[in-house]
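>>> Quick one, what's the 3D model for this:
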Amino acid sequence: MAKFSDDRFEIGASRVPALVLGKTSFTTNERERLKTIHAQQGIPTIESDFGKDAKKRGNYLEGGIIEWAVDELEEQANFETSIQLGKVTHGYRLDDLKLCASLDAILNVEGSLVLQDPKTRGHMEVTGMGALEIKTSNSDDTPRIDQVIQLQTQLMCSGFKWGIIAVFGKQQRLSLTPYKADLEMHDIIKDKVKEFWNKVEKNEPYPSLDNGPAYTINLDHIDTKEEVLQLSLDWLKADNEIKAWTKTKQECQEALEIVMKSNQAEIAEIGEFKILNPIIKRKAQPEKVVPAKPPSYYKKFKIERKNDE
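Predicted structure coming up:
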């Protein structure tokens with residue numbers, strides 16, 4: 001699927017589920033906000049390895065799955081109905097929302113086609129233009145809620161009344177799940193997209209959410225690159241020295257504790273040093289019932305060489 005959206009000025013349909021849900025398996029609303037801000041600032045981003053194989057698998061298989069889906073639909077159609085596969089040449093935009101949808105494929109049903117939901121066994125009649133969204137999965141072949149939100153965003157942008165999510169799952173079979181345009185969900189999507197652009201413009205972060213790999217940018221272009229490289233190197237050297245001296249300290253303490261114990265001493269003097277190893281009494285504490293606490297978040301600073309990851 002070609003990407004038609006420009007991350008500097010608009011948000012694509014595949015990024016919208018994180019805005020609606022707060023987070024998905026791959027990203028969060030805050031990481032999407034940062035992605036847009038960094039794109040506007042011209043700061044390159046580095047794709048995480050998390051989910052990269054799934055994305056690559058989908059890109060390679062997409063064309064074949066589209067043809068397979070059309071063949072499956074033609075088998076379900078009656079002799080008076082024809083199904084045409086339209087070529088995707090542009091993105092579908094809602095300029096007032098700065099929202100763009102890049103479709104995998106367009107279906108044009110001439111006549112009437114009755115489709116069955118493989119999960120509910122319910123039936124849905126479709127005609128005219130519809131969107132086809134392709135997904136691959138290493139689990140089951142039921143579309144996830146984030147995928148449904150992506151399709152509904154595509155329907156909202158294109159104006160199509162229906163769409164299909166085709167999932168090629170771990171059982172090596174193709175599942176076709178039809179959806180009608182959901183106007184209530186469209187209203188939710190609109191509100192969340194408006195909130196997103198408001199936070200981008202005000203540089204106002206979303207609340208912290210624990211999710212997956214951290215967002216990575218590339219700083220090779222900054223004017224202070226050499227200074228940052230030196231700071232990083234100095235930090236690594238200091239960290240390694242701290243670890244080495246911490247180990248040395250622990251080994252010395254253990255050896256000195258043996259000396260103190262063998263001499264039955266809690267405090268001893270030797271040369272210019274006084275060694276203290278007294279027994280410290282802790283005050284008795286009443287039994288406490290610790291109340292439950294919600295999860296909390298903190299920053300963990302670390303530097304590592306890229307080839308050591």
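>>> Regarding the closest residue to residue 169 other than its chain neighbours, what is its secondary structure?
Excluding its sequence neighbours, the residue lying closest to residue 169 (C-beta to C-beta, 6 or more residues apart in numbering) is residue 141, at 3.2 Å. Glycine gets a C-beta too; all of them are placed from N, C-alpha and C. Judged by DSSP: H, G, I helix; E, B strand; the rest coil, the three-state class of residue 141 is coil.
>>> for this protein, which spans come out with low pLDDT?
Applying pLDDT under 70 to the chain picks out residues 1-2, 46-55, 57-58, 209-215, 297-299, 303, 308-309.
>>> How about the secondary structure of residue 246?
helix.
>>> Would you check how far apart it and residue 221 are?
Using C-beta to C-beta, to the nearest Å, we find residue 246 at a distance of 37 Å from residue 221.
>>> hey, where'd the helices end up in the stretch 1-150 of the chain?
For the stretch 1-150 of the chain, applying DSSP state H, counting those that start in this stretch gives helices covering 16-21, 29-41, 52-76, 145-158.
>>> buried sites along the first one?
Read it as helix 16-21. 16, 17, 18, 19, 20 (16 or more other C-beta atoms under 10 Å).
>>> I'd like to know which of the residues you listed is nearest to residue 255.
residue 18 (54.7 Å; C-beta to C-beta).
>>> need the contact list for the closest one.
When contacts are counted by C-beta atoms under 8 Å, 6 or more residues apart in numbering, residue 18 touches 24, 27, 28, 29, 31, 32, 146.
>>> run the last query once more with 6 Å
Contacts for residue 18 were tallied using C-beta atoms under 6 Å, 6 or more residues apart in numbering; they are 24, 27, 28, 29, 32.
>>> Next: residue 276.
Applying C-beta under 6 Å, 6+ apart, the residues near residue 276 are residue 267.
>>> what do you get for the one 5 residues further on?
By C-beta under 6 Å, 6+ apart, the contact set of residue 281 is empty.
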